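A.B. asks: I'll drop the sequence and a predicted model, then ask my questions.
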Amino acid sequence: MAYVVLTLLAVVANGFSAVLDFARYKQVAVVMERGQVPLSWMTPLGVLKAAGALGLLAGFGYPPLGVAAAVGLVLFFLAAFVVHFRVRDFGLGLHHLFLAISAAALVVQIQAAS
């Protein structure tokens, strides 16, 4: 049960975040500018989040793919921390929440795959 709930939570969270990137949501753009990330990266970053969300869904049918997707999302949000810390932007925004959700999904994906 936790496997399904945490996986779906990660799918919804990352899917929503991807949609905000695709829509070039102003608040996301502000956070990216603080991290000195070019706004032209919004769509490619959204594609990565959407791919992670789809990979988590595919993990229901093929668990190793879910593990790979969860690893990718965790690495994505760890990289977001590095990017922001690099420019001394310590206002975490929602990065910590997305990292926690993705890490929780990774744990349950690993359990399901084994």
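C.D. replies: Noted; the coordinates are in hand. Bear in mind the structure is a predicted one, so any value in this text is a computation, not a measurement. Residues are numbered from 1 along each chain as shown.
A.B. asks: wait, what's in contact with the residue nearest the centre of the chain?
C.D. replies: Residue closest to the mean C-alpha point of the chain, counted by Cα atoms, centre = their mean, is Leu73 at 4.4 Å. Contact analysis of Leu73 by Cβ atoms under 8 Å, 6 or more residues apart in numbering lists 10, 14, 49, 52, 56, 98, 102, 105-106. Backbone N, C-alpha and C define where each C-beta goes, glycine included.
A.B. asks: recalculate using a threshold of 7 Å.
C.D. replies: Neighbour list for Leu73: 10, 14, 52, 102 [criterion: Cβ atoms under 7 Å, 6 or more residues apart in numbering].
A.B. asks: how about Ile101?
C.D. replies: Ile101 makes contacts with 9-10, 13, as judged by Cβ under 7 Å, 6+ apart.
A.B. asks: let's see it at 10 Å
C.D. replies: By Cβ atoms under 10 Å, 6 or more residues apart in numbering, Ile101 lies in contact with 6, 9-14, 73-74, 77, 94.
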